[in-house]
Structure formats: structure tokens, C-alpha cells
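Enquirer: Structure, please.
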Amino acid sequence: MDSLQDFETSNTNPSTALTPNFPANFSITTMTTTTISNPSVTASSSPSSSASTSPSTLSRYENQKRRDWNTFGQYLRNHRPPLSLSRCSGAHVLEFLRYLDQFGKTKVHGPLCPFFGNPNPPAPCPCPLRQAWGSLDALIGRLRAAFEEHGGKPEANPFGARAVRLYLREVRDSQAKARGISYEKKKRKRPPQSHPPLPHPNRNQNQ
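Expert: Predicted coordinates:
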């Protein structure tokens, strides 16, 4: 599964950029306004100040969700024309996901590639690198939750739009065929249920 931690943010000049334009090392996980202090410095600082700025109190999921939300907000601000969150639609979410493909690390073989459907290709090929379906699916889940946590209405959540769900399904199916792997969840085997013994007919008659 791809990691979205290799990008770094950049400052795009809003007066000259016509489209969202970030360098190849743009990071979706490092955009945060919280300053993490040096451990040697925090030891001498007051406990109250270090507790208020340290992200260690949040879970890994919450930290990732916050960084993803900040990154998507930056993407909207650098969009040309700039987009407000209230005007963001499923189409803009799809644009964002396709934009992230340039940072992908998963080899997706084309139909004409001799390694199409081979999970372990024996040699390199010129097929493009893409974001893995699992990474995109997890990203959308975090952004969908963050949208509602920031006051968005569930029925107006662009990350839950039907077009986004269909796109993720298409990516999953196409990558499964191209890479020769299956994304189907394995069903857990249920333990055999023990049925209570049936009452003896003679006992019912005697009673």
C-alpha cells in the first residue's frame, strides 16, 4: 500500500498559478501548524505548555486525519480559481485524487504490458506508478470524517458522493486485474453452533 508521507508543501504564487501546482515532493502528511518542540527543550519547559502543543496525546489516526484535512484545504486555496469548502463537490474530490496519482508508488500494468495480471513481474517495465487503491480509500475515509467534524452536513459531504465511491470501486477493480491480486475481504468462518437437545417426548407426556 502506498504511503502519502513523501510529499512536502510549497507556497504557490496565487497571482500566477492557473492550476494547482505543487512540486513533486509535496507532502499530504506534513502540513500542520503545530510546532513540535525538541525533546531536550520540552523537558525544561512548563508541563502545561508542552501538553497543549504536543500531538502525542492524539492517536495516529487523528494526527493523520488532521494533516490530510489541512492538505486538502491548501489544495482548494491553490486551486484556480480558488475554491471554498462550501462549493467543493465530488468532482473536485476526484480532481484531487487524480492529482495525487503523480506521487504514487504502486506499479499499475497496462493491458498491453506483458506483465499485466502478474503479481510478481520478473523484470521492470515502463508502466506508470499510481496511488494504491487502499491508500486512496483510507484517505477518503479520513477526509469524510473530518468534513463532518468541521461542521459539514453528512448529506452534503463531497467525500461521500456517489461519483467518488464509483471512482474508488473502479480503481480497485482495475488495479486488481492489472496487478493480479484480489482486494476481496476474506470472510471469517463462523464456529459451528451447538443446538440445545430436544426434549424427550415421554417427559412431556408424563408432565
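
Enquirer: tell me which residues in stretch 113-126 are buried?
Expert: For stretch 113-126, burial by neighbour count (16 or more other Cβ atoms under 10 Å) applies to 113, 115, 116, 121. Yep, even glycine has a C-beta here, placed from its N, CA and C like the rest.

Enquirer: how close does the last one get to residue 179?
Expert: Distance check for residue 121 against residue 179: by Cβ to Cβ, to the nearest Å, it reads 9 Å.

Enquirer: what's the answer for residue 152, then?
Expert: 34 Å.

Enquirer: ok, which stretches of this protein are strands?
Expert: Assignment of strands within the chain using DSSP state E yields the ranges 106-107, 129-130.

Enquirer: Quick one: low-confidence residue ranges for this structure.
Expert: 1-56, 184-207 (pLDDT under 70).

Enquirer: which stretches of it form helices?
Expert: Ranges of helices in the chain, per DSSP state H, are 39-42, 47-53, 60-78, 90-100, 133-149, 162-179, 201-206.

Enquirer: Could you pull out the buried residues of the longest one?
Expert: Buried positions in helix 60-78, judged by neighbour count with 16+ other Cβ under 10 Å: 63-76, 78.

Enquirer: same thing with the fourth one?
Expert: Judged by neighbour count (16+ other Cβ under 10 Å), helix 90-100 contains these buried residues: 90, 92, 93, 94, 96, 97, 99, 100.

Enquirer: what number of residues lie near the nearest residue to the first one once chain neighbours are set aside?
Expert: To tie it back to what came earlier, the one meant is residue 90. Sequence neighbours aside, residue 161 is the residue nearest to residue 90 in space, at 2.9 Å (criterion: Cβ to Cβ, 6 or more residues apart in numbering). By the criterion of other Cβ atoms under 10 Å, residue 161 has 19 neighbours.

Enquirer: who's in contact with residue 161?
Expert: By Cβ atoms under 8 Å, 6 or more residues apart in numbering, the contact list for residue 161 reads 89, 90, 93.

Enquirer: what about the first one, how many neighbours?
Expert: What that stands for is residue 89. Residue 89: 14 surrounding residues under other Cβ under 10 Å.

Enquirer: follow-up on the earlier one: as a markdown table, the buried residues of stretch 113-126 with distance to residue 128 would be great.
Expert: Converted to a markdown table, these look like this (distance: Cβ to Cβ, whole Å):
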| residue | distance to residue 128 |
| --- | --- |
| 113 | 10 |
| 115 | 13 |
| 116 | 13 |
| 121 | 14 |
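
Enquirer: Just flag the most distant two among these.
Expert: The largest separation in these, counting by Cβ to Cβ, is between 116 and 121 at 9.3 Å.

Enquirer: Can you pull the residues that touch both of those two?
Expert: Common neighbours of residue 116 and residue 121 (criterion: Cβ under 8 Å, 6+ apart): residue 109.

Enquirer: on that earlier part again, nearest to residue 173, of the buried residues of helix 60-78?
Expert: residue 68 (24.4 Å).

Enquirer: can I assume the closest one is in contact with residue 139?
Expert: Yes. Contact criterion Cβ atoms under 8 Å: residue 68 and residue 139 qualify, at 6.1 Å.

Enquirer: coming back round to it: of residue 152 and residue 179, who's got more company?
Expert: residue 179 (22 against 18).
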